[in-house]
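Student: just to be clear, the model below is a prediction. Sequence and coordinates:
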Amino acid sequence: MTVPPFLRPTRNARPAAVLILFGDGPDGPDILLTERAATLNKHAGQPAFPGGRIDPEDDGPVGAALREAWEEAGVQASGCDVLAVLPELYLSRSDYRVTPVAAWWREPSEVSPGHPGEVATVARVPIAELVDPANRLTVRHPSGMTLGPAFKARGMLVWGFTAGLLTRVLEAGGWDRPWDPDHIEDLPPEVLNLAARG
């Protein structure tokens, strides 16, 4: 997966990792997403892959991604087979260099929000639902600035960094279906208000 210039990390950005967890769910192949709690100061209310900063005891991005998935969603690391470590991407809003870790959920565990102060929702989102053209759109700021691709799935609006990464992963996996990028919607006011926190 190539990294465009605007997503290449700066040298001093803080290291983080996210887990892109594929599974065979009740509604077909799926991906695990969380929705961050609306009470957080950063990225409040936003759907995301499980993840967070890499701590010294994590032994790198794989350890961090699996630890965060356990803490945030109850994912048992022993049931996950790591498939690939993808190139680092720069999350400029919070100055993180994020390493996506792709894994297969060989033995799925029951999932639920691990910490209500951090995670509001955990969802296994079917890939078929994500790539359905009816669920794809482009979001923009009310000022008119285009913010990029987005997905409507399981009652969530997936946008921003997560939607951009999800778009690239679905394309790389050959799952992407043609959709109308000219279907543009403004970010809802409640999403915009949460995003304004940072």
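Tutor: Right, received. Where do you want to start?

Student: C-alpha only now, for contacts and for neighbours.
Tutor: Will do.

Student: name the spans of this structure whose pLDDT lies under the cut-off.
Tutor: Along the chain, the model assigns pLDDT under 70 to residues 40-44, 197-198.

Student: can you show me the strands along it?
Tutor: Along the chain, the segments classed as strands by DSSP state E run 14-25, 28-36, 47-48, 51-53, 80-85, 89-91, 96-105, 119-126, 136-140, 146-153, 156-158, 184-186.

Student: the last one pairs with which strands, and in what direction?
Tutor: Put plainly, it is strand 184-186. Strand 184-186 has the following strand partners under DSSP bridges: strand 136-140 (parallel).

Student: now do the strand it pairs with against strand 146-153, angle only.
Tutor: Our comparison of strand 136-140 with strand 146-153, counting by axes from the mean of the first three to the mean of the last three Cα atoms, to 10 degrees, yields an angle of 140 degrees.

Student: identify each buried residue in strand 136-140, please.
Tutor: Within strand 136-140, the residues scored as buried using 16 or more other Cα atoms under 10 Å are Arg136, Leu137, Thr138, Val139, Arg140.

Student: list the contacts of the fourth one.
Tutor: Think Val139. The neighbourhood of Val139, defined by Cα atoms under 8 Å, 6 or more residues apart in numbering, consists of Thr146, Leu147, Gly148, Pro149, Ala150, Trp159, Ile184, Glu185, Asp186, Leu187.

Student: the nearest residue to Arg140 once chain neighbours are set aside: how many residues sit nearby?
Tutor: Spatial nearest neighbour of Arg140, excluding adjacent residues (Cα to Cα, 6 or more residues apart in numbering): Thr146 at 4.2 Å. Counted with other Cα atoms under 10 Å, the neighbours of Thr146 add up to 14.

Student: ok, Thr146 to Ala37 distance?
Tutor: Taking Cα to Cα, to the nearest Å as the measure, Thr146 and Ala37 are separated by 25 Å.

Student: from Val125, how far out is the residue lying closest to Pro178 once chain neighbours are set aside?
Tutor: Closest residue to Pro178 apart from its sequence neighbours, by Cα to Cα, 6+ apart: Pro133 at 6.8 Å. Separation of Pro133 from Val125 (Cα to Cα) stands at 15 Å.

Student: comparing these two, which residue is more hemmed in?
Tutor: Val125 (21 against 16).

Student: contacting residues for that one?
Tutor: Val125 neighbours (Cα under 8 Å, 6+ apart): Asp30, Ile31, Leu32, Leu33, Ala153, Arg154.
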